[in-house]
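Visitor: 3D model of this:
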Amino acid sequence: MGAPEIVLEHRKGEKVQKVLRVTSARKVFVIGASKSADLKIFGEGVQGVHAVLKQREDGWYLCDVSGTESLKVDGKIVAEAKVTANTKVEICGHRLNLFARERQTELFGSEIAAGLLSLHQVVIRVKGRVHESHVLDAKESFKMVDGEQTHVMPAPTSSKWI
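Guide: Purely as a prediction, here's the structure:
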(Lines give C-alpha, C1' and ligand atoms only; values in the text may rest on other atoms or scores of the structure.)
Protein backbone atom coordinates (compact mmCIF):
# COMPACT_ATOMS: atom_id res chain seq x y z
CA MET A 1 0.00 0.00 0.00
CA GLY A 2 1.19 3.52 -0.72
CA ALA A 3 1.99 6.27 1.71
CA PRO A 4 -0.88 7.08 4.09
CA GLU A 5 -0.31 10.82 3.75
CA ILE A 6 1.65 13.45 1.88
CA VAL A 7 2.75 16.93 2.82
CA LEU A 8 1.99 19.66 0.28
CA GLU A 9 3.97 22.91 0.35
CA HIS A 10 2.54 25.70 -1.83
CA ARG A 11 4.89 28.50 -2.96
CA LYS A 12 4.27 31.58 -5.05
CA GLY A 13 7.65 33.05 -6.01
CA GLU A 14 10.00 32.40 -3.08
CA LYS A 15 7.30 32.78 -0.43
CA VAL A 16 5.65 29.74 1.19
CA GLN A 17 1.91 30.33 1.00
CA LYS A 18 0.64 27.22 2.75
CA VAL A 19 1.71 23.81 4.07
CA LEU A 20 -0.97 21.11 4.21
CA ARG A 21 -1.18 17.44 5.14
CA VAL A 22 -3.24 15.34 2.76
CA THR A 23 -4.41 12.08 4.31
CA SER A 24 -5.93 8.95 2.81
CA ALA A 25 -9.22 9.76 4.62
CA ARG A 26 -9.91 12.13 1.71
CA LYS A 27 -10.89 10.44 -1.57
CA VAL A 28 -9.89 13.37 -3.80
CA PHE A 29 -7.94 16.55 -2.96
CA VAL A 30 -8.84 19.36 -5.40
CA ILE A 31 -6.39 22.08 -6.49
CA GLY A 32 -7.71 25.08 -8.39
CA ALA A 33 -9.47 28.45 -8.37
CA SER A 34 -12.88 27.14 -7.30
CA LYS A 35 -14.10 28.35 -3.91
CA SER A 36 -14.71 24.70 -3.00
CA ALA A 37 -11.13 23.60 -3.91
CA ASP A 38 -9.08 22.12 -1.07
CA LEU A 39 -6.06 24.21 -2.15
CA LYS A 40 -7.13 27.48 -3.75
CA ILE A 41 -4.71 28.96 -6.26
CA PHE A 42 -5.40 31.94 -8.47
CA GLY A 43 -3.86 33.53 -11.52
CA GLU A 44 -3.88 33.57 -15.27
CA GLY A 45 -4.63 30.12 -16.68
CA VAL A 46 -5.71 28.50 -13.39
CA GLN A 47 -8.96 26.58 -13.87
CA GLY A 48 -11.67 26.11 -11.23
CA VAL A 49 -10.65 22.48 -10.83
CA HIS A 50 -7.14 22.35 -12.24
CA ALA A 51 -5.63 19.22 -10.68
CA VAL A 52 -6.51 16.52 -8.17
CA LEU A 53 -4.53 14.33 -5.79
CA LYS A 54 -5.86 10.79 -5.49
CA GLN A 55 -4.62 7.86 -3.48
CA ARG A 56 -4.55 4.49 -5.16
CA GLU A 57 -3.39 1.14 -3.87
CA ASP A 58 0.23 1.77 -4.90
CA GLY A 59 0.48 5.42 -3.77
CA TRP A 60 -0.59 9.00 -4.44
CA TYR A 61 -1.16 10.37 -7.94
CA LEU A 62 -1.46 13.95 -9.21
CA CYS A 63 -3.81 14.30 -12.20
CA ASP A 64 -4.34 17.27 -14.53
CA VAL A 65 -8.09 17.68 -15.03
CA SER A 66 -7.92 21.20 -16.53
CA GLY A 67 -7.49 20.14 -20.15
CA THR A 68 -4.88 22.89 -20.57
CA GLU A 69 -1.68 20.80 -20.49
CA SER A 70 -0.25 23.19 -17.91
CA LEU A 71 0.67 20.75 -15.13
CA LYS A 72 4.42 20.20 -14.87
CA VAL A 73 5.86 17.51 -12.62
CA ASP A 74 9.62 17.55 -12.16
CA GLY A 75 9.92 19.87 -15.18
CA LYS A 76 7.81 17.81 -17.64
CA ILE A 77 4.24 18.47 -18.77
CA VAL A 78 2.11 15.51 -17.69
CA ALA A 79 -1.51 14.44 -17.50
CA GLU A 80 -0.82 12.20 -14.50
CA ALA A 81 2.18 11.45 -12.29
CA LYS A 82 2.87 9.32 -9.25
CA VAL A 83 3.97 11.32 -6.19
CA THR A 84 7.43 10.23 -5.06
CA ALA A 85 9.40 11.06 -1.91
CA ASN A 86 9.89 14.62 -3.22
CA THR A 87 7.82 15.68 -6.23
CA LYS A 88 8.10 19.22 -7.63
CA VAL A 89 4.96 20.55 -9.35
CA GLU A 90 4.25 23.74 -11.33
CA ILE A 91 0.75 25.02 -12.13
CA CYS A 92 0.52 28.41 -13.89
CA GLY A 93 3.32 30.05 -11.87
CA HIS A 94 2.51 28.26 -8.60
CA ARG A 95 5.02 25.77 -7.23
CA LEU A 96 4.01 22.81 -5.12
CA ASN A 97 6.41 20.49 -3.36
CA LEU A 98 4.84 17.15 -2.46
CA PHE A 99 6.54 14.94 0.10
CA ALA A 100 5.48 11.32 0.53
CA ARG A 101 5.47 10.45 4.23
CA GLU A 102 6.14 6.70 3.94
CA ARG A 103 9.34 5.30 5.45
CA GLN A 104 10.97 2.30 3.83
CA THR A 105 13.37 1.79 6.74
CA GLU A 106 12.67 0.54 10.21
CA LEU A 107 13.74 3.25 12.66
CA PHE A 108 13.36 1.35 15.90
CA GLY A 109 14.28 -2.18 14.93
CA SER A 110 16.60 -4.81 16.33
CA GLU A 111 19.76 -2.81 15.49
CA ILE A 112 18.72 -0.07 17.89
CA ALA A 113 17.64 -2.51 20.58
CA ALA A 114 21.06 -4.16 20.33
CA GLY A 115 22.78 -0.76 20.59
CA LEU A 116 24.30 -1.07 17.10
CA LEU A 117 22.66 2.04 15.69
CA SER A 118 21.94 5.34 17.40
CA LEU A 119 19.67 8.15 16.34
CA HIS A 120 18.57 11.48 17.68
CA GLN A 121 15.52 13.57 16.92
CA VAL A 122 15.23 17.30 16.31
CA VAL A 123 11.82 18.90 16.79
CA ILE A 124 11.23 22.48 15.59
CA ARG A 125 8.37 24.28 17.32
CA VAL A 126 6.80 27.52 16.11
CA LYS A 127 4.40 29.35 18.41
CA GLY A 128 4.11 26.27 20.62
CA ARG A 129 3.22 23.86 17.79
CA VAL A 130 5.42 21.24 16.16
CA HIS A 131 6.46 22.63 12.78
CA GLU A 132 9.09 20.05 11.73
CA SER A 133 10.58 16.84 13.07
CA HIS A 134 13.78 15.18 11.86
CA VAL A 135 15.42 11.87 12.80
CA LEU A 136 19.19 12.02 12.33
CA ASP A 137 22.17 9.73 12.86
CA ALA A 138 23.70 9.93 16.33
CA LYS A 139 26.59 12.20 15.32
CA GLU A 140 24.83 14.17 12.60
CA SER A 141 24.42 17.92 13.14
CA PHE A 142 21.13 19.59 12.23
CA LYS A 143 21.31 22.47 9.74
CA MET A 144 18.51 25.00 9.41
CA VAL A 145 18.31 27.87 6.95
CA ASP A 146 16.09 30.77 8.02
CA GLY A 147 16.21 32.53 4.67
CA GLU A 148 19.46 34.39 5.22
CA GLN A 149 21.64 32.40 7.61
CA THR A 150 22.42 28.75 8.11
CA HIS A 151 22.23 27.67 11.74
CA VAL A 152 24.00 24.48 12.82
CA MET A 153 22.95 22.57 15.93
CA PRO A 154 25.57 19.98 16.88
CA ALA A 155 24.45 16.45 17.68
CA PRO A 156 23.76 15.82 21.38
CA THR A 157 26.52 14.32 23.50
CA SER A 158 24.16 12.68 26.01
CA SER A 159 20.64 11.28 26.17
CA LYS A 160 19.45 14.35 28.12
CA TRP A 161 16.61 16.36 26.52
CA ILE A 162 17.64 19.79 25.26
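Visitor: There's contact between Val152 and Phe142 in this structure, I believe.
Guide: Yes: assessed by C-beta atoms under 8 Å, Val152 is found in contact with Phe142 at 7.3 Å. For glycine as for every other residue, the C-beta is placed from the backbone atoms N, C-alpha and C.
Visitor: Spit out the contact partners of Cys143.
Guide: That one is not Cys; residue 143 is Lys. Lys143 makes contact with 150-153, according to C-beta atoms under 8 Å, 6 or more residues apart in numbering.
Visitor: give me the beta-bridge partners of it?
Guide: On the basis of DSSP bridges, Lys143 is bridged to Val152.
Visitor: any idea how far Pro154 is from it?
Guide: Going from Lys143 to Pro154 by C-beta to C-beta, to the nearest Å gives 11 Å.
Visitor: Next: Val30.
Guide: Taking C-beta to C-beta, one finds Val30 at 44 Å from Pro154.
Visitor: Same question for Arg26.
Guide: With C-beta to C-beta as the criterion, Arg26 and Pro154 are 40 Å apart.
Visitor: Give me the helix or strand of the protein that scores worst on average pLDDT.
Guide: helix 110-113 (a mean of 50; mean pLDDT, DSSP states H and E).
Visitor: one step back: Arg26 and Pro154: who's more crowded?
Guide: Ranked by neighbour count (other C-beta atoms under 10 Å), Arg26 and Pro154 place Arg26 first, with 13 against 9.
Visitor: pLDDT value on the more buried one, please?
Guide: The model reports Arg26 with a pLDDT of 79.
Visitor: pLDDT wise, what is Gly109 at?
Guide: Reading off the confidence values, Gly109 has pLDDT 54.
Visitor: With Ala114 instead?
Guide: Looking at Ala114, its pLDDT is 50.
Visitor: Tell me the backbone dihedrals of Ile36, please.
Guide: Rather than Ile, residue 36 is Ser. phi -100, psi 10 (degrees, to the nearest 10).
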